[in-house]
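Colleague: I would like the atomic coordinates for the input below:
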Amino acid sequence: MHILITGAAGFIGQLLAKELLNDESHQVTLTDINEPPIPKGVKYPQNAKIIKANLLSDNGVASVVDKSLDAVYAFHGIMSSGSEANFELGMRVNVDATRSLLDALRKTVPGVRVIYSSSQAVYGQPLPEIVDDSITPTPESSYGAEKIICETMINDYTRRGFITGFTLRFPTISIRPGAPTAAASSFLSGMIREPMNGKESIIPIEDRSFRSWLCSPKTLVHNLLFTLTLPADALPRHIRQINVPGICVTIQEMMDALAKVGGEDKLALLKEKEDPAIKPILLSWPTRFDNSQAVRLGFKRDTSFEEAVVDYVESLKEN
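Modeller: Presented below is the predicted three-dimensional model:
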């Protein structure tokens with residue numbers, strides 16, 4: 001398969017590219033506004049093509065879309081708190097660039113499979129205790145609103161036969177390696193990652209019972225690859241969104257997992273300091289989902305957050 005990954009310099013793009021480039025049968029085009037690297041240690045680096053491109057320009061889109069594409073993972077975007085801080089930038093990168101990409105795809109390679117990365121941020125309060133697929137999203141952030149706009153485009157472009165789209169609403173991914181991001185949820189990786197690297201981490205909400213809906217990187221990649229094989233008619237043509245399975249974890253449970261796997265001394269590097277800009281965004285998000293549809297379709301879920309911490313520690317050893 002020839003697979004295009006947009007936003008390929010980002011964490012999820014690199015994680016997925018690594019798996020794809022360990023399979024000889026895939027040709028992978030990696031594109032981003034900054035030149036994305038080929039992940040280190042892959043078996044078939046010669047199967048990767050690197051393109052630095054701005055999807056907001058006609059030339060940029062034309063450089064990454066061609067008739068040989070079998071599938072596209074759309075990961076480009078500005079994260080939650082970044083979109084809230086800069087409305088114009090968020091709309092351009094998250095919405096305008098996505099529409100530009102979809103239009104190029106429908107004209108050049110009609111019917112191509114598009115796997116679009118959305119988020120639980122599409123939801124806003126009031127919400128039931130457990131969110132299922134029947135709940136209408138009412139976002140309380142610009143990021144969530146931008147994601148809903150793109151979800152609607154994926155639905156309509158699929159209904160009309162322009163593409164074969166699937167929208168995956170990601171839980172918060174934890175634990176992400178690397179530097180903190182502009183996401184409001186960034187601390188949910190940082191509170192494990194930073195102490196494990198001997199650094200201090202700020203928790204922007206002073207409530208250890210605060211719950212988050214999380215998914216490990218390992219499980220996310222499994223589900224991203226699985227979506228390549230999902231039958232086109234697995235969902236109605238005009239309803240293409242799937243809530244990717246996650247697990248509900250409190251701040252206290254995350255701290256307990258850090259202490260158990262990394263050692264009690266790591267807790268001293270956690271500082272709880274409420275952030276009045278981030279707290280409302282966090283409180284607007286759902287914390288528990290009924291993932292019956294996704295599980296029925298064949299998606300996988302994590303068994304525990306402690307397992308995610310163990311996976312992260314093992315990845316540090318590998319690197």
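
Colleague: and the nearest residue to K147 once chain neighbours are set aside, what pLDDT?
Modeller: Of all residues not flanking K147 in the chain, S118 sits nearest, at 4.7 Å (Cβ to Cβ, 6 or more residues apart in numbering). For glycine as for every other residue, the C-beta is placed from the backbone atoms N, C-alpha and C. Here, the pLDDT recorded for S118 equals 97.

Colleague: dump the residue contacts of S118.
Modeller: 147, 150-151, 167-170, 241 (Cβ atoms under 8 Å, 6 or more residues apart in numbering).

Colleague: my read: S216 touches D302, true?
Modeller: Yes - under the criterion of Cβ atoms under 8 Å, S216 makes contact with D302 at 5.2 Å.

Colleague: can you list residues touching both of these two?
Modeller: Contacts common to S216 and D302, judged by Cβ under 8 Å, 6+ apart, are A308.

Colleague: show me which of these two is the more surrounded one.
Modeller: The neighbour count for S216 versus D302, taken as other Cβ atoms under 10 Å, is higher for S216 (26 against 21).

Colleague: for that one, grab phi and psi.
Modeller: Backbone torsions of S216, given as degrees, to the nearest 10, read phi -80, psi 150.

Colleague: not counting residues beside it along the chain, what's closest to it?
Modeller: Closest to S216 by Cβ to Cβ, 6+ apart is A308, at 3.8 Å.

Colleague: one more: I251?
Modeller: R208 (4.5 Å).

Colleague: likewise for T138?
Modeller: G124 (4.6 Å).

Colleague: ramachandran coordinates for that neighbour?
Modeller: phi -140, psi 160.

Colleague: quick check: buried residues in stretch 272-281?
Modeller: By neighbour count on 16 or more other Cβ atoms under 10 Å, the buried set for stretch 272-281 is 275, 278-279, 281.

Colleague: next one: stretch 282-294
Modeller: Counting neighbours by 16+ other Cβ under 10 Å, stretch 282-294 gives 282, 284-287, 289, 291, 293-294 as buried.

Colleague: what are the boundaries of the helices in the protein?
Modeller: In the chain, helices defined by DSSP state H lie at 11-20, 58-64, 80-85, 87-90, 97-108, 142-159, 187-196, 217-227, 251-262, 279-284, 292-297, 305-318, listed in chain order.

Colleague: okay, the ones you listed in JSON lines with mean pLDDT next?
Modeller: Output for the helices of the chain, formatted as JSON lines (pLDDT from 0 to 100):
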{"stretch": "helix 11-20", "mean pLDDT": "96"}
{"stretch": "helix 58-64", "mean pLDDT": "94"}
{"stretch": "helix 80-85", "mean pLDDT": "84"}
{"stretch": "helix 87-90", "mean pLDDT": "95"}
{"stretch": "helix 97-108", "mean pLDDT": "97"}
{"stretch": "helix 142-159", "mean pLDDT": "97"}
{"stretch": "helix 187-196", "mean pLDDT": "95"}
{"stretch": "helix 217-227", "mean pLDDT": "96"}
{"stretch": "helix 251-262", "mean pLDDT": "96"}
{"stretch": "helix 279-284", "mean pLDDT": "88"}
{"stretch": "helix 292-297", "mean pLDDT": "96"}
{"stretch": "helix 305-318", "mean pLDDT": "88"}
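
Colleague: deepest-packed of these, please.
Modeller: helix 187-196 (a mean of 24; mean count of other Cβ atoms under 10 Å).

Colleague: so what does that one touch, helix or strand wise?
Modeller: Secondary-structure packing of helix 187-196 (3 or more Cβ pairs under 8 Å, 6 or more residues apart in numbering; DSSP states H and E): strand 201-203, helix 251-262, helix 305-318.

Colleague: let's have those in a markdown table, adding distance to A9.
Modeller: Shown next, in a markdown table, are the helices and strands packed on helix 187-196 (distance: least, Cβ to Cβ, whole Å):
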| stretch | distance to A9 |
| --- | --- |
| strand 201-203 | 24 |
| helix 251-262 | 27 |
| helix 305-318 | 19 |
